[in-house]
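J.: The following comprises the amino acid sequence and a computationally predicted model.
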Amino acid sequence: KSGEAVQYVRDIAGTIQGSTPWLMVGYLNLRRMEWVPAQKAFEKVRKDIDPKCPYAAVGLATIFYYSSVNKFRKNVDRNSKDYQRLLQHMDYSLNTFREALAWNPANAYAANGLAMHLVHQGHYLEALDWFQLIREAMPNMTDVWVNIGHTYMHLGQAQNAVTMYRNCLLKFPGHERRVEVMNYLSHAYFVLGSYAEALRISVAQVHLNPAHKPYWFNLALCRYEHARALLMQDRKTVKDVKVAIAGYESAIATFAYLHEGTSEADAHKQGYSSEKAGGFMRYAKSALERARTVYLRQAEEKEVAEQRMMAAQEDERSARLKKENEEKMRQEQSLMDEARAAEQLATEKRREVEELLRGAPGTSGSGRKRKHVTKREKEVNLPDSSSATRMQEDEDESASLAAPAASVDADQAEATLDETTAKRMKRVLSDDDEE
């Protein structure tokens, strides 16, 4: 509603003394890019109220700068009178900015205007230094953030420009130039080749200002390039191809809306080219046909082949795992069999050792048995004294009854008996020692 505001300020300007109402009228018209009424308001302040008003000077310099730059962008013939007049306007703008800065060296708006002239002259690094200083002095000045982004774009540093535009949108979320800055950000993403991001921002632009046809043109162009980029991928999927086809279809519809029934002159007044829209529409139709007949079929065949290959790999992997599990189970079973055999062998060895120990001399069982036998032998072979006396008496009686020859050998028999007894005793004693 800036038009209503301008009319309201105009109505009260005659009743208020000073330059304030006329400066408001001038800047409101400047914001609406209505150069003539804005110029008249600023000239009235400088002529009738304050010839050295810095705000009026900056306003006039800004008008001459933007009106001239916009015409320079149309590639005006350098030998024409229009070109010479534009040079004069640019010189007036530059000198007026310098004049305002001389009156007040802390005038950030005048310094910003001088830096814009440096950009126009191609002195990008010097202009960037100026803009950085201005932003440090006035961090809430929206224009300087945008101008830094523009300077980065001129330097070919689109990523830095993206950072500046994004920071500007984050710092000034409700600013009236928000949609315009979004357009700059979308263009920077487009230059970087980040078509998905550029497309996302362009969609938001159209929703915020659907009546501005250049935003529709940018949206269609982003859809066209995004679809083309998807099809240029080495590993595109069926889903990528279908998204590209949908993008081409939408771009064709938008380009047709901008081209059909609109002359180039009318389109130019609205800020875009009807001829370019028609050209992109034809390119998109050709690309769409190729996407449907070639890329989609290739992607489907490739996807089927990949699915088969993945199934074969999965079967191979399952067979390998099964074989590995069977081999592992076989090894575990072999280890268990070996352990069982080793345990059985150890049991048999232990049993043999026990049997050997039971049968060997000096063991506890055989020793006891041998000890009992030895005692019996002692009882049998070593009679006590009464038994020996009886045995002697029996022998004497037998000797008296025997023949004379027997008595002759009595002493020899007695000697033999004694030797036999001695040997038995010796053997028993030796057995006892062994025990």
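T.: Yep, that arrived.

J.: contact partners of the strand or helix carrying Q88?
T.: Assigned by DSSP states H and E, Q88 belongs to helix 81-103. The contact list for helix 81-103 (C-beta atoms under 8 Å, 6 or more residues apart in numbering) reads 52, 54, 57-58, 60-62, 64-65, 67-68, 71-72, 76-77, 107, 109-111, 113-114, 117, 120. (Glycine included, C-beta is placed from N, CA and C.)

J.: how about a cut-off of 6 Å?
T.: Helix 81-103 has contacts (C-beta atoms under 6 Å, 6 or more residues apart in numbering) with 52, 54, 57-58, 60-61, 64-65, 68, 71, 76, 107, 110, 113-114, 117.

J.: For that helix, buried residues please.
T.: By neighbour count on 16 or more other C-beta atoms under 10 Å, the buried set for helix 81-103 is 86, 89-90, 92-94, 96-98, 100-101.

J.: Now the two most distant members of those.
T.: Taking C-beta to C-beta, the two most distant members of the buried residues of helix 81-103 are L86 and L101; they sit 22.9 Å apart.

J.: which stretches of the stretch 301-435 of the chain have low pLDDT?
T.: Within the stretch 301-435 of the chain, the stretches with pLDDT under 70 are 360-435.

J.: And for T254, nearest residue in space, chain neighbours not counted?
T.: If the residues on either side of it in the chain are set aside, T254 comes closest to A220, at 3.6 Å by C-beta to C-beta, 6 or more residues apart in numbering.

J.: correction: C222
T.: Nearest to C222 is L199, by C-beta to C-beta, 6+ apart, at 4.2 Å.

J.: That neighbour contacts H226, doesn't it?
T.: Yes: applying C-beta atoms under 6 Å, one finds L199 in contact with H226, separated by 5.2 Å.

J.: Helix, strand, or coil at K302?
T.: helix (DSSP: H, G, I helix; E, B strand; the rest coil).

J.: Dihedrals phi and psi, P105?
T.: Note on P105: its backbone torsions stand at phi -60, psi -20 [degrees, to the nearest 10].

J.: confidence score at it?
T.: We have a pLDDT of 87 for P105.

J.: From A244, how far off is it?
T.: Distance of P105 to A244, given as C-beta to C-beta, to the nearest Å: 56 Å.

J.: okay, those two: which has more neighbours?
T.: A244 (27 against 8; other C-beta atoms under 10 Å).

J.: Next, give phi and psi for that one.
T.: Torsion angles, degrees, to the nearest 10, at A244: phi -60, psi -40.

J.: repeat for K323
T.: Main-chain dihedrals, K323, degrees, to the nearest 10: phi -60, psi -40.

J.: got it, and Q121?
T.: phi -80, psi -10.

J.: and the residue nearest to C222, how many residues sit next to it?
T.: L199, neighbours per other C-beta under 10 Å, totals 23.

J.: which stretch of helix or strand covers it?
T.: Going by DSSP H and E, L199 is part of helix 195-208.

J.: Following the chain onward from that helix, which element is next?
T.: Immediately after helix 195-208, counting by DSSP H and E, sits helix 213-231.

J.: Tell me the buried residues in that following helix?
T.: 213-231.

J.: Tell me where the stretch 151-300 of the chain has helices.
T.: 158-171, 178-192, 195-208, 213-231, 238-259, 264-270, 274-290, 296-359 (DSSP state H, counting those that start in this stretch).

J.: So which of the ones you listed is the most surrounded?
T.: helix 213-231 (a mean of 22; mean count of other C-beta atoms under 10 Å).

J.: For stretch 49-63, give the mean pLDDT please.
T.: Across stretch 49-63, pLDDT averages out at 91.
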